[in-house]
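Trainee: predicted model and sequence below, questions to follow.
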Amino acid sequence: MTMNRQHHRRLVWGLACCLLSGWGMAGWAQKLLLRDDFFNKKQYWYWRNDGPVDPPQLKSGLVSANLVNPTNQTYCNVELMNPNNIFDNSAGPITVRMRVKAMQPKKPGTWGWGLWHSEDTDNKFVFDMAWFMEQRDSIADSYNTWWRAISGDKSMGLLGLDFMDLDSLVDQTRWHTYTVLWHPDSVVWWVDDARVYKSTTVIPKLKMAFHFWVDNNVHDMITAAKTPQAWQGENELVMDYVEIYRGEFPQRVESPGKNVVFRGVYNEIGPGQREYLWKDIPFTSRDGETVILVTGRAEQYGRYSDDDDVRLVLDQDDWGWNTARSLDGERLNGAVGTIVHRSRLAPGEHRLQIWGDVTPTLYDVTILSAPGGAVVLLDTLVETAPDLQNHLWKRYSFTVDSGWVSLFVAGAADEDRTGNDYSDAEDDDLMVQLDSLSFGWQTDTSLYGNQLFGEGKTLLIQRWLPAGTHQLLLWSNGTPTKTSVLVYASSRPDSTPLGINSNGQPIQRAFLLKPNYPNPFNQSTRLEWELFRAQRVYLRIVDIQGRELRVLINGRLPAGRHVLEWDGTDRLGNALPSGLYFAVLSAGTQQQIQKVLLLR
């Protein structure tokens, strides 16, 4: 048992270091310390049992601690815990949030959930703690029977307890979302949306671990004696999820521009209520196709609870529960899903509402819309990669005009280990490659199993591309899952340099300026154009402000194909910095523009 505990401690400490260093999703990753929605078994927990009872069990989207037929001759305990005190509030408040239900009224012994300072030797009754705990003595009307929110400070001995009785406030045999906020100067307990107590007199000082347990010990509150209890039957406690984070709940909401009019990276579990308005998102659509992408997870819980659901309402159009345009727990059964909706909305203001039911997870909402924008590639088939290493899994081709392109990839990746470590060589990973540009393994723009631990994630990559056909490649290690791949592009330029107007092409085109190659470029790029008749042409390079930087051609040329190299310098031969420039070709009253991206 000692070796097993030490092994698990190494695993959990390694997990904590990974989580604290960032999950690769800026704005929330650095603050989320631990989350488990119990859709599969995680080895960073210690699945503990003492005495002749079974350890905690995964049910349908839940974890169950069920103490069955304990004996008064033995301490009997069923417990889920992280076996090291890794949570420390010295760098900021720690929040622990979990959804819990007792399946029957308490039998003699204790059960509870929250933070506790664990030690190898149980030589004192009072430990540092911040949790919800219920105890029932076998003696009727005993002072040792209670249901409380408790804070403890070991340094104060038996006097180091502060608590709030919950007997008349909270029925623990119903589902509730319990929250403990452990501040440096206080502990606050919430049940659902109500604050039940705040302690400023007894504050845990030591690092703590998370515990969820049922046992048969009755603790005498005066003598600190412990008495095992015996009875027949079940004493079951179930937990839907637990998440532990530092500071305010981490999320990021932004309007990044380019083709994106809204992106909310939430990574948030619903509050456990029935049919609640979760997110209310105003956005502005443009004169082109609008795409709404909502990625989340939904579970079903069998006899324990109603299933998770997400429904969308766009303006006055209610898409309904349990439809193809919803996230339905019975259909997904714990899997990650992406709702993809394409429509041509009237340009202007619109509103998207996200409604939740029970505790789905909302990973993100992305809305794409651009002048003349359209989806040029869409794959909504949910697939899991074959279990291979460095495998070219998917190859997509798409064709665009020159301009900004948004690449959207949604999926999930797991640590995929049931053994002794979390090796990066053995987890699930997904890497994105655009043409010859790789976005790398285990980066912010990848799926990295040893940081996601089975959670979902979406990648949004925006690049300026020259007109033509391009390749999008997905590489896999292990068995990551993709739920959707989409490429969105504008069919007209989304920006032009100030003072330079593109007035469209006349019926009788006099010339054609082709996309430069390569683009982006570093040393030089080739400009090519075709004249349909001999004429005087004016080819120049300007910046985004419309300032003329260099004249490449100013003279009469014969009809036919013409090619010229530009080395990224101005009229004085000075190397220009990285940035977006424009090649402007004029002849008579006609003018064409090509975007040129210089990367030093």
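Mentor: Right, received. Where do you want to start? Numbering: from 1, shown residues only.
Trainee: so what pairs up with residue 290 in the strands?
Mentor: Going by DSSP bridges, residue 290 is paired in beta bridges with residue 343, residue 369.
Trainee: now the one 4 residues further on
Mentor: Here residue 294 shows beta-bridge partners residue 339, residue 365, assigned using DSSP bridges.
Trainee: so who does it touch?
Mentor: Contact analysis of residue 294 by C-beta atoms under 8 Å, 6 or more residues apart in numbering lists 310, 312, 327, 338-339, 354, 362, 364-365. (Glycine included, C-beta is placed from N, CA and C.)
Trainee: tell me which of the residues you listed is nearest to residue 394?
Mentor: The shortest separation between residue 394 and any of the contacts of residue 294 is 15.6 Å, and it belongs to residue 338 (by C-beta to C-beta).
Trainee: and for that closest one, the neighbour number?
Mentor: Residue 338 has 25 neighbours, counted by other C-beta atoms under 10 Å.
Trainee: which intervals of this protein have sub-threshold pLDDT?
Mentor: Of all residues in the chain, those with pLDDT under 70 make up the ranges 1-30, 120-126, 157-159, 248-250, 255, 416-423, 425, 491-509, 589.
Trainee: domain ranges for it, per the record?
Mentor: Structural domains of the chain, as assigned by automatic domain parsing, span the residue ranges 2-246, 253-369, 389-396+403-489, 511-598.
Trainee: can you redo those as TSV with distance to residue 375?
Mentor: What follows is those, written out as TSV (distance: least, C-beta to C-beta, whole Å):
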stretch	distance to residue 375
domain 2-246	24
domain 253-369	6
domain 389-396+403-489	6
domain 511-598	21
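Trainee: residue 379: which of those is closest?
Mentor: Nearest to residue 379, of the domains of the chain and by C-beta to C-beta, is domain 389-396+403-489 at 4.3 Å.
Trainee: how far out from the middle of the chain is that closest one?
Mentor: Using C-alpha atoms, centre = their mean, to the nearest Å, the mean C-alpha position of domain 389-396+403-489 is found 14 Å from that of the whole chain.
Trainee: what do you get for stretch 579-586?
Mentor: Stretch 579-586 sits 39 Å away from the centroid of its parent chain (C-alpha atoms, centre = their mean).
Trainee: residues touching it, excluding its own?
Mentor: When contacts are defined by C-beta under 8 Å, 6+ apart, stretch 579-586 is touched by residues 464, 496-497, 500, 511, 513, 516, 527, 529, 537-544, 549, 552, 566, 591-598.
Trainee: for ChimeraX, write a command that selects the buried ones of those residues.
Mentor: In ChimeraX, this line selects whichever of these come out buried by 16 or more other C-beta atoms under 10 Å:
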select :464,496,497,500,511,513,516,527,529,537,539,540,541,542,543,549,552,566,591,592,593,594,595,596,597,598
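Trainee: ok, which of the domains of the chain comes nearest residue 378?
Mentor: Ranked by C-beta to C-beta, the member of the domains of the chain that lies closest to residue 378 is domain 389-396+403-489, at 5.2 Å.
Trainee: OK, contacts around residue 174?
Mentor: With contact taken as C-beta under 8 Å, 6+ apart, residue 174 is in contact with residue 101.
Trainee: ditto for residue 518
Mentor: When contacts are counted by C-beta under 8 Å, 6+ apart, residue 518 touches residue 525.
Trainee: any idea how far residue 179 is from it?
Mentor: The span separating residue 518 from residue 179 equals 54 Å under the rule C-beta to C-beta, to the nearest Å.
Trainee: with residue 88 instead?
Mentor: With the distance defined as C-beta to C-beta, residue 88 ends up 19 Å from residue 179.
Trainee: cool, residue 525 as well?
Mentor: Distance, residue 525 to residue 179, by C-beta to C-beta: 57 Å.
Trainee: just want to know which of those two has more residues nearby.
Mentor: Neighbours were counted for residue 525 and for residue 179 using other C-beta under 10 Å; residue 525 has more, 24 against 19.
Trainee: surely that one touches residue 566?
Mentor: Yes: with contact defined as C-beta atoms under 8 Å, residue 525 reaches residue 566; the gap is 5.8 Å.
Trainee: run a quick neighbour tally on residue 580.
Mentor: The local packing of residue 580 (other C-beta under 10 Å) involves 14 other residues.
Trainee: that one should be in a helix, yeah?
Mentor: No: read with DSSP: H, G, I helix; E, B strand; the rest coil, residue 580 is strand and lies in no helix.
Trainee: dig out what it forms beta bridges with.
Mentor: residue 597.
Trainee: with the one 5 residues further on instead?
Mentor: In this structure, residue 585 bridges to residue 539, residue 592 when assessed by DSSP bridges.
Trainee: ok, it to residue 464 distance?
Mentor: Here the criterion is C-beta to C-beta. By it, residue 585 lies 19 Å from residue 464.
Trainee: now residue 476, nearest residue through space, not along the chain?
Mentor: Nearest in space to residue 476, with sequence neighbours left out and distances taken as C-beta to C-beta, 6 or more residues apart in numbering, is residue 385 at 3.7 Å.
Trainee: how about the one you found, what does it touch?
Mentor: Shown in contact with residue 385 (C-beta under 8 Å, 6+ apart): 391, 393, 428, 430, 476, 478-482.
Trainee: and if you look at residue 57?
Mentor: Neighbour list for residue 57: 63-64, 66 [criterion: C-beta under 8 Å, 6+ apart].
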